[in-house]
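Colleague: Quick check, what structure comes out for this input:
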Amino acid sequence: MMMTKWMGMAYLMGAAVMGAVNVSAAGKAAPEMALTADGEKLLASYADRLKALQAEIGKAVPNVSEQNKTDFQKTREAVKKALAEADAAQKPLNTIQTAKALVEHAKGKWIGGAEKEIAQAEAALKKAATDSEREAAQKVLASCQANKEAGVKALKERQEALDKAKADEPKLKQDNQAAQAALAQARTNELTAAKVLLTQAEPFLSGDKLDAKLVQCAVLAAATPRGLAEFAQQGKEQEALAGKLLADTGLMKQMLEAGGARGGKYGQAMKIYTDIQKASPRAAKGLLHRLALGTAVAHAVPIAQQNAVAATNAPTVVDPVKRYLHYEKAYLDGELDPAFKDMTAWECRLIVNSYAPDHQLAWGREMLRNYRPDHIFNPDYGWRYSGLVRTDVAYRSSQLLRDNDALEYFQNIIKEGGVCGRRGFCGRFIVKCFGLPTWGVAQHKHCALGRWTPTGWVVNFGAGWEWSWSDADDPSAIRRTGSDFILEAQARNQPQEYLKVLRAEWVGDILGEQRVDSFKEGSGGWWKTMALFEKKAIVAAAKPTQLAALGQELGEANESAATKAVAVEKVIVTEADKKAVVAPNGVITVPAAACTGNVQPMKSFLGGLQAFCGGEFSCTVEAPKPGAYRLTARVVTVHDEGKLQLTANNAKDTITMVIPYTIGLWQKTEPVDVTLVQGKNALRFSKTTNSFSLKEFTLTPVK
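Modeller: All right, here's what the predicted structure looks like:
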């Protein structure tokens with residue numbers, strides 16, 4: 001997978017700017033609401049207030065040197081020129097890289113994928129028991145064989161194109177290095193010129209004397225007098241809420257600091273915030289207040305809920321109050337990541353905006369605690385939780401998926417796998433389940449995720465931030481590049497300095513300036529541009545670590561590692577962990593830690609250890625009495641039903657144990673009968689399909 005910075009631009013150009021239009025839950029522009037007589041009065045009142053504030057603030061805004069502005073503008077033009085030259089120098093190299101990627105794609109995904117699908121189709125043909133099954137399998141086989149032939153032909157053509165393109169590669173690299181160096185110098189000159197202007201605006205941007213008027217005016221400008229009137233005319237309660245918000249400087253400032261109400265819907269955000277305060281007395285301060293704020297601004301425009309296909313009566317949008325209460329309870333119950341307690345309101349909005357139903361978020365936590373607790377204990381935050389995708393969400397083309405309408409969306413993804421989109425969505429889902437923020441990452445013909453870590457944001461399953469932009473599937477998305485997002489995230493780590501960014505943004509909004517388009521160099525009004533360069537200055541001074549993307553090679557992996565018993569976190573197994581227990585009634589309990597072979601012990605939320613089983617393994621059982629025993633296993637699975645072949649004491653005949661599909665919950669297998677001798681017994685298990693987690697075996701004497 002090879003991407004260039006500006007590929008996919010045309011796709012994004014058509015995306016709506018979230019917050020600049022009135023949007024419905026489905027993301028489409030909603031028609032203006034007709035104003036009543038009261039609504040017209042409210043509109044006039046809000047408009048007059050906005051106009052008066054704009055006039056007053058306009059007089060207070062400092063003037064800066066026109067010469068310095070001119071000098072700065074010259075550096076911006078120089079950056080544009082250097083950027084165009086750098087892009088031109090990069091294009092031939094991109095062509096080579098694309099040619100290389102196409103060759104590898106033909107070898108791996110196309111031909112290699114076709115060969116695997118051919119093998120699967122041939123196996124299905126052998127298992128076919130009816131004419132219709134055989135006919136279906138033959139059709140799939142023929143399609144896969146034709147696909148492989150096309151891949152072989154494409155590989156030859158692509159290799160020839162690559163060989164031709166590589167002839168000029170040394171000279172192209174040299175030209176590109178020179179162009180990139182020139183661009184870097186132009187950007188340095190630009191930032192230096194911007195700092196001169198920022199120094200002149202420093203007293204204004206650093207002071208808070210005008211904040212009460214700034215935030216009220218910024219809220220009115222973002223909400224628009226008409227939008228606020230449409231909300232307030234709905235009833236006395238709504239009118240009172242709008243008035244209360246506009247009178248509460250602290251609350252307006254906190255909402256703006258949290259990124260502002262989605263879609264500019266400050267009336268709706270105020271209602272959600274108030275409803276949360278009524279629903280929970282804990283939401284008044286600290287982390288839970290920040291969570292309430294983040295929820296209110298994120299859900300100001302309703303977020304469409306992704307329900308199971310069969311759940312036709314399920315709510316169509318996420319209930320924001322219930323979403324807040326869901327995370328409050330999970331936090332108080334100790335189910336979320338330890339870092340959740342320190343999240344800002346802005347970070348909280350990137351947690352609570354999942355389109356998964358609340359019960360699915362709860363399931364995600366329970367499933368991972370049961371099935372792969374090692375991903376929860378993983379000390380590497382870059383892969384904590386999201387590592388589930390690399391181990392258990394197989395890369396599988398759409399024609400092989402067999403989604404079950406009764407299952408939830410993310411249950412199907414983990415069970416069936418999918419291409420990069422489903423894998424990226426699953427990674428975002430599971431990270432949000434545990435109370436950490438994510439940002440939807442789109443890349444050229446690819447989907448990934450950006451996620452929070454204590455040392456900074458990082459991309460999983462894709463290239464870095466410079467190759468990314470906001471994913472239209474992400475309900476929090478606004479039209480911006482990944483580089484712009486990471487700049488904001490890094491600048492926000494200096495909250496006092498970031499207030500200067502916000503004040504410049506507010507002035508830009510108040511004066512009706514064009515926002516900065518991160519896809520268009522040199523765009524944006526004067527104060528909006530100053531806000532951008534204030535962020536750049538903050539980050540340049542802080543020098544944060546830029547985390548390299550993780551798992552780019554796994555972005556479109558052909559298979560997951562679920563077939564191997566490999567745990568993320570190693571644990572020490574003691575003799576006590578391996579010790580079987582014999583109850584007075586003769587029931588033998590053999591802990592998973594007693595098993596050896598293709599199993600990986602890990603800490604269990606049930607206490608003690610459990611084991612992830614991905615192949616053949618065995619255990620020794622000390623039986624106090626000889627005879628027949630009923631054997632069951634306590635297991636958890638997230639894929640299809642599987643089977644184990646059990647052999648006791650090297651017997652000729654094997655016993656088939658069915659490992660049920662438990663949808664991530666602990667469950668006992670159906671019992672099978674096994675004959676044991678008194679003393680030591682060797683039990684060998686041969687895995688035939690799917691991996692699972694095991695807590696213990698239980699052998700009950702047959703009386």
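Colleague: At the geometric centre of this structure, which residue sits there?
Modeller: residue 428 (2.2 Å; C-alpha atoms, centre = their mean).
Colleague: which outside residues touch whatever helix or strand that residue lives in?
Modeller: Following DSSP states H and E, one finds residue 428 within helix 420-433. Contacts to helix 420-433, defined as C-beta atoms under 8 Å, 6 or more residues apart in numbering, come from residues 351-352, 354, 356, 360-361, 364-365, 368, 385-386, 388-389, 393, 395, 410, 413-414, 417, 437-438, 440-441, 446-449, 451-452, 460-462, 471, 473-474, 555-556. Yep, even glycine has a C-beta here, placed from its N, CA and C like the rest.
Colleague: what's the answer for stretch 673-686, then?
Modeller: Contacts of stretch 673-686 (C-beta under 8 Å, 6+ apart): 595, 613, 616-631, 644-650, 654-655, 657, 697, 699, 702.
Colleague: Take these and keep only those in strands.
Modeller: Those of those mapping onto strands are 613, 616-623, 627-631, 644-648, 655, 657, 697, 699, per DSSP state E.
Colleague: Tell me the buried residues within those.
Modeller: The neighbour count (16 or more other C-beta atoms under 10 Å) marks 613, 617-619, 621, 623, 629, 631, 644, 646-648, 655, 657, 697, 699 as buried among the ones in strands among the contacts of stretch 673-686.
Colleague: Determine which two of these are furthest apart.
Modeller: Greatest spatial distance among these (C-beta to C-beta): 613 and 623, at 22.4 Å.
Colleague: so what's the closest residue to residue 242 other than its chain neighbours up against?
Modeller: Closest residue in space to residue 242, ignoring its immediate chain neighbours: residue 232 at 4.3 Å, by C-beta to C-beta, 6 or more residues apart in numbering. Under the criterion of C-beta under 8 Å, 6+ apart, the contact list for residue 232 reads 39, 42, 238, 239, 241, 242, 243, 267.
Colleague: Report the buried members of the residues you listed.
Modeller: 39, 42, 238, 239, 241, 242, 267.
Colleague: State the helix or strand in which residue 314 lies.
Modeller: Counting by DSSP H and E, residue 314 is found in no helix or strand.
Colleague: Would you confirm that it contacts residue 357?
Modeller: Yes: under the criterion of C-beta atoms under 8 Å, residue 314 makes contact with residue 357 at 6.9 Å.
Colleague: what sits in contact with each of the two?
Modeller: Joint contacts of residue 314 and residue 357 (C-beta under 8 Å, 6+ apart) are 305, 307.
Colleague: In terms of neighbours, single out the busier of the two.
Modeller: The neighbour comparison of residue 314 against residue 357 (other C-beta atoms under 10 Å) goes to residue 357, with 24 against 12.
Colleague: quick one on the thing from earlier: and which of the buried ones among the contacts of residue 232 is nearest to residue 275?
Modeller: Nearest to residue 275 among the buried ones among the contacts of residue 232 is residue 241, at 9.9 Å by C-beta to C-beta.
Colleague: Let me know the pLDDT of the closest one.
Modeller: As predicted, residue 241 sits at a pLDDT of 98.
Colleague: Quick check: it vs residue 234, distance?
Modeller: From residue 241 over to residue 234 the distance is 10 Å, taken as C-beta to C-beta, to the nearest Å.
Colleague: same check, this time on residue 129
Modeller: 62 Å.
Colleague: Then residue 256?
Modeller: In terms of C-beta to C-beta, residue 256 sits 24 Å off from residue 234.
Colleague: When those two are compared, which one has more neighbours?
Modeller: Comparing residue 256 with residue 234 by other C-beta under 10 Å, the one with more neighbours is residue 256, at 23 against 17.
Colleague: ok, residues contacting the helix or strand where the more buried one lies?
Modeller: Remark: residue 256 resides in helix 249-257, with elements defined by DSSP H and E. Applying C-beta under 8 Å, 6+ apart, the contact partners of helix 249-257 are 211-212, 215-216, 218-219, 245-246, 261, 266, 269, 273, 293, 296-297, 345-346, 499, 502, 506.
Colleague: go on, stretch 53-73?
Modeller: Residues from elsewhere that reach stretch 53-73, judged by C-beta under 8 Å, 6+ apart: 190, 193-194, 196-197, 200-201, 203-204, 210, 213-214, 216-217, 220-221, 507, 510-511, 526-527.
Colleague: do stretch 121-131 as well
Modeller: Outside of stretch 121-131, the residues within contact range by C-beta under 8 Å, 6+ apart are 133, 134, 136, 137, 138, 140, 141, 144.
Colleague: Please indicate which of the residues you listed are buried?
Modeller: By neighbour count, with 16+ other C-beta under 10 Å, the contacts of stretch 121-131 hold 137, 140, 141, 144 as buried.
Colleague: Now, these that are in helices?
Modeller: Judged by DSSP state H, the subset of the buried ones among the contacts of stretch 121-131 located in helices is 137, 140, 141, 144.
Colleague: Turn those residues into CSV, including distance to residue 121.
Modeller: Shown next, in CSV, are those (distance: C-beta to C-beta, whole Å):
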residue, distance to residue 121
137, 6
140, 5
141, 4
144, 5
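Colleague: Let me have these in TSV, adding pLDDT and distance to residue 111 as columns.
Modeller: Shown next, in TSV, are those (pLDDT from 0 to 100; distance: C-beta to C-beta, whole Å):
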residue	pLDDT	distance to residue 111
137	88	21
140	91	17
141	91	16
144	91	11
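Colleague: list the buried ones in the longest helix along the chain?
Modeller: Scanning the chain for the longest helix, with DSSP H as the assignment, gives helix 66-105. Neighbour counts using 16+ other C-beta under 10 Å place 72, 75-76, 78-79, 82-83, 85-86, 89-90, 92-94, 96-99, 102-105 of helix 66-105 among the buried residues.
Colleague: Next secondary structure after that helix?
Modeller: On the C-terminal side of helix 66-105, the closest following helix or strand by DSSP H and E is helix 113-127.
Colleague: How far off centre is stretch 36-50?
Modeller: 41 Å (C-alpha atoms, centre = their mean, to the nearest Å).
Colleague: Now do it: everything it contacts.
Modeller: Under C-beta under 8 Å, 6+ apart, the answer for stretch 36-50 is 35, 216-217, 220-221, 225-226, 228-230, 232-233, 239, 242, 246.
Colleague: can you check stretch 588-599 too?
Modeller: 564-565, 573, 577-583, 601, 608-624, 629, 685, 687, 694-699.
Colleague: Stretch 655-672 too?
Modeller: Residues contacting stretch 655-672 (C-beta under 8 Å, 6+ apart): 363, 366-368, 370-371, 407, 411, 414-415, 606, 630-648, 673-674, 685, 690, 692, 695, 698, 700.
Colleague: Where strands are concerned, which of the residues you listed count?
Modeller: Secondary structure assignment by DSSP E places 630-636, 642-648, 673-674, 685, 692, 695, 698, 700 of those in strands.
Colleague: ok, back up a step: just the buried members of the contacts of helix 420-433?
Modeller: So, by 16+ other C-beta under 10 Å, the buried ones in these are 351-352, 354, 356, 360-361, 364-365, 368, 385-386, 388-389, 393, 395, 410, 413-414, 417, 437-438, 440-441, 446-449, 451-452, 460-462, 471, 474, 555-556.
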